[in-house]
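In: got a sequence here, can you build the structure:
(one chain, ligands or ions: 1)
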Amino acid sequence: MVTRETLLPKCERAFDFAGKQLKALIEEHPDQFPEFTVDGKWSLNKNPWTNWCEGFLGGQLWLLYKHAGDDYWREKAEHYSKLIEHRKTDRQVHDLGFLFWSTYKQWYDLTSEEALNAVLIEAGQTMALRFKEKGQYLRSFLAEDSLFIDIMMNVGIVFYAAQETDDADLFRIANQHCLTTRKYLIRGDGSGSHEGIFDLESGEFLRQSTQQGWRNDSSWARGLAWALYGFGTVYEFTQDARYLNTACALADYYIEHTPAHGVPPNDWDDPEPKYPYESSAAAIAASGMLNLAKLAQNPAAARMYQQYAYTILDTLTSPEFLADQTPGYEGILKRGIYHLNKGLGVDQSVMWGEFFFLEAVSKVINDD
Ligand code: GLY
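Out: Residues are numbered from 1 along each chain as shown. Below is the predicted model:
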């Protein structure tokens, strides 16, 4: 059985390695925001699909600063956060939670500076402008009739803005989005659908769909991991037990369908996955399950989620996944997949995988 004691030295080693890799990245390619590696080297080409990852680099720099207390990381973390401040009014993407929770929230938590909180609030208010009254969901970046499971990781910033400004309508929007997602994208067996399509005239839900999964009726692993983590977060904002139950159902599905090492393929339903691992889904799930371990009412379930998260991290810190024994490799965590169907970032490091891996590792280190 993996214990915190056996895991801790591996976590410390992973943090040291992450520091080396991130220092090399930001010194060699200042002010760049690569999203995934190609042949193990960060790709600096402009993102070919959507701009959703620019917070994860600054987010890791904040984690490194909090871990080491080194002014170098503090200066870089502030710098990479400021580089994205203008995105607080970005209406092109549904990812303002990803962008600002990983950066400005960590910064604000350290300083309590009102100007930083104002950025978080404005980002949450911008996110809420995506709400479709007909259908009751925050629309995805792709189309007005499209609801993505990923938005469960971004709706938290709308709850946050509602809470900070005491805005009942913002709360309604965030809450309705979560109820709609739960109703149409989460299935009875605890699996999740990537996308929902709505009739824009009537608001009627039409069908489940996918962009990055195997099939419209299948279970894309990262989408489920986003939902597992996201429903836990919205439970913290609302104390609505339905959200906690949904998060636990998703976690149980993950545990039931994944090999004992804890790393799923890109889609659990694909009968012949070409790649066995989607490590970023595992990193997100580990971090989300560590949250659930603190939230679950049932102590046995809480222990199970913590234990499973430890198992995932034990696997991810092994040489198959952690790149510290792979000469010339520029990422931290190998074997992630961005977009299998488009052939983007396949069996590579992906910037959000690095962030959530480091976040989960830091939770283990700081949980004393
Ligand atoms: N756009 C979110 C994801 O690829 O998971």
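
In: please make it C-alpha for all contacts and neighbour counts, starting now.
Out: Will do.

In: show me what from the stretch 251-368 of the chain comes close to the ligand.
Out: Contacts of the stretch 251-368 of the chain with the ligand, taken as Cα under 6 Å from any ligand atom, map to Tyr338.

In: count of residues packed around the residue in the stretch 251-368 of the chain that the ligand sits nearest to?
Out: The minimum distance from the stretch 251-368 of the chain to the ligand, using Cα to the nearest ligand atom, falls at Tyr338 (5.7 Å). Other residues within reach of Tyr338, judged by other Cα atoms under 10 Å, total 24.

In: for Arg172, same thing?
Out: Using other Cα under 10 Å, Arg172 has 15 neighbouring residues.

In: repeat for Asp109
Out: Asp109: 11 neighbours (other Cα under 10 Å).

In: who are the packing partners of the one helix or strand it maps to?
Out: If you go by DSSP states H and E, Asp109 is part of helix 106-111. Contact here means 3 or more Cα pairs under 8 Å, 6 or more residues apart in numbering; DSSP states H and E; on that basis helix 106-111 packs against helix 54-68, helix 114-128.

In: now for the first one, which elements pack on it?
Out: It refers to helix 54-68. In terms of contacts (3+ Cα pairs under 8 Å, 6+ apart), helix 54-68 is packed against helix 4-28, helix 71-82, helix 96-100, helix 106-111, helix 351-366.

In: give me the distance from stretch 204-214 to the chain's centre.
Out: When distances are taken as Cα atoms, centre = their mean, to the nearest Å, stretch 204-214 is centred 20 Å away from the chain's centroid.

In: which positions in that stretch come out as buried?
Out: Neighbour-count burial for stretch 204-214 flags Phe205, Gln208, Ser209, Thr210, Gln212, Gly213, Trp214 (criterion: 16 or more other Cα atoms under 10 Å).

In: is any part of it close to the ligand?
Out: No: between stretch 204-214 and the ligand, judged by Cα under 6 Å from any ligand atom, nothing touches; the nearest distance is 7.3 Å.

In: burial measure for Ser279, as a count.
Out: By other Cα under 10 Å, 32 other residues sit near Ser279.

In: should've said Gly336
Out: By other Cα under 10 Å, neighbour count at Gly336 equals 29.

In: do you know how far Thr37 is from Asp324?
Out: Thr37 sits at a distance of 15 Å from Asp324 (criterion: Cα to Cα, to the nearest Å).

In: please apply the same query to Pro276.
Out: In terms of Cα to Cα, Pro276 sits 21 Å off from Asp324.

In: more neighbours: which of the two?
Out: Taking neighbours as other Cα under 10 Å, Pro276 and Asp324 compare with Asp324 leading, 24 against 14.

In: isn't that one up against Gly19?
Out: No: when contacts are counted by Cα atoms under 8 Å, Asp324 is not listed as touching Gly19 (11.4 Å).

In: grab the nearest non-local neighbour of Arg222.
Out: Leaving aside its sequence neighbours, Arg222 sits nearest to Ala281 (Cα to Cα, 6 or more residues apart in numbering; 4.4 Å).

In: alright, calling it a day.
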